[in-house]
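Trainee: Okay, sequence plus prediction incoming.
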Amino acid sequence: MRTGGAAVPGGLRPVLPSSPPGYALSVIADGDHRFRRPTRPGRVVRMKLLMLGGTEFVGRAITEDALTRGWEVTVFHRGHHAPPPGTSALHGDRTAPGGLAALGAGEWDLVVDTWGGAPTAVRDSTRLLRERAGRYAYISSRSVYAYPAPAGLDEDGELVGGSPDAGANAYAEDKRGGELAALDAFGDRALLARAGLILGPYENVGRLPWWLNRTARGGPVLAPGPSALPIQYIDVRDLARWTLDAGAEGRAGAYNLVCPAGHATMGSLLDACAAVTGGGAELRWTDPSRLLEAGVEPWTELPVWVPEGEAYDHIHRGNVSKALAAGLTCRPVEETVADTWDWLRSLGGAAPQRPDRPANGISAEREAALLGL
């Protein structure tokens, strides 16, 4: 099952590091590698970040967070969207022959990669950069766990198959292949950020934007019950902050990245949507059995929502104790919703939509029929 991510114009609250950058970084040699490592608390050293992507959703949030830290940021992208001001841009297409030529020179302390397609793109990038980059953070997905993942599964759970040499396949296998590529090239210098559902400003998958636009229209809203059903997601800016903190601290290995159980519910999410969009929406909580009997598709027709069962355990009941111990903090759902609404309004309500993802949301006619209107 896919997860998604998005971006933030200047009107939104700036994101600062969750922990003060109170460490000195020293350059050390490891064969032909030159990289920085954390030492005792002291002066702050400006990090050099190479962001593979950096113009949309997750990549943009990471880039903007790095800029708030005063880091030197290079963005490698295809040139379809402008990167945030203050970055250096390199252009190339990772899927094309010779597409990495612009990365043929240069050294970086940290590389962050959000790639979700054929693992060969991660393989080629990591092999090219392993001698010239200190650490490699790959934004992976909790989709790499074999389905069904039991409730409370931690990072040692069973994984899907994958290969760094594979072409594009299914999303889960592609992400696992990307993980293996990062591990093969960088070993204990590779960080695997296994994000779950990603929400927040710049979302180009259409989940939270759909709910915001729907509640903004007002009137009776089909709300999938129960309202107290806990959900797990991560605000894209909390993902960005944790990834950069972890990379700077020299963390490695896999981490599940979603908010802890009890952080939010379907009720708190939709109540926040209704409140921030003007309060004209009337949430009509509907029994999940009735929705399923009517053929409503969880996750897509009613985004974020999954009824209790195997799929729910897989998506919304992950163990994040390792990430919490490593400094993960999650902002309130009301803040995520409000900032996403501010961003969405700045676009006139029309959120960007990734061409490789289907549009989310139930049709107005089908919703009205289910509500008996």
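Mentor: Great, that's in hand.
Trainee: Strands along the stretch 251-373 of the chain, start to end?
Mentor: For the stretch 251-373 of the chain, applying DSSP state E, counting those that start in this stretch gives strands covering 253-257, 264-265, 281-286, 298-299, 302-303.
Trainee: which of these sits most buried?
Mentor: Each of the strands of the stretch 251-373 of the chain was scored by mean neighbour count; the highest is strand 302-303, a mean of 24, by mean count of other Cβ atoms under 10 Å. The way it works is simple: take the backbone N, C-alpha and C, and place the C-beta from them, glycine included.
Trainee: Which elements pack onto the helix or strand hosting V75?
Mentor: Using DSSP states H and E, V75 sits within strand 72-77. Applying 3 or more Cβ pairs under 8 Å, 6 or more residues apart in numbering; DSSP states H and E, one finds that strand 72-77 contacts strand 48-52, helix 57-68, strand 88-91.
Trainee: Same list, these, but as CSV with mean neighbour count and distance to T286 please.
Mentor: Shown next, in CSV, are the helices and strands packed on strand 72-77 (neighbours: other Cβ atoms under 10 Å; distance: least, Cβ to Cβ, whole Å):
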stretch, mean neighbour count, distance to T286
strand 48-52, 25, 42
helix 57-68, 26, 30
strand 88-91, 15, 48
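Trainee: Please parse this protein into its domains.
Mentor: 25-199+234-257, 208-231+261-318+333-371 (automatic domain parsing).
Trainee: Determine which of those domains approaches L324 most closely.
Mentor: Closest of the domains of the chain to L324 is domain 25-199+234-257, at 9.7 Å (criterion: Cβ to Cβ).
Trainee: quick check, distance from that closest one to the centre of its chain.
Mentor: From the chain centre to the centre of domain 25-199+234-257 is a distance of 12 Å (Cα atoms, centre = their mean, to the nearest Å).
Trainee: Quick check: mean pLDDT of it?
Mentor: Summarised as a single mean, pLDDT over domain 25-199+234-257 is 91.
Trainee: again with stretch 354-361
Mentor: Taken as a whole, stretch 354-361 has a mean pLDDT of 82.
Trainee: hmm, back to that, not counting the strand holding V75 itself, show me its contacts.
Mentor: Strand 72-77 is contacted from outside by 46-55, 59, 63, 66-67, 83-84, 86-92, 102-103, 106, 108, using Cβ atoms under 8 Å, 6 or more residues apart in numbering.
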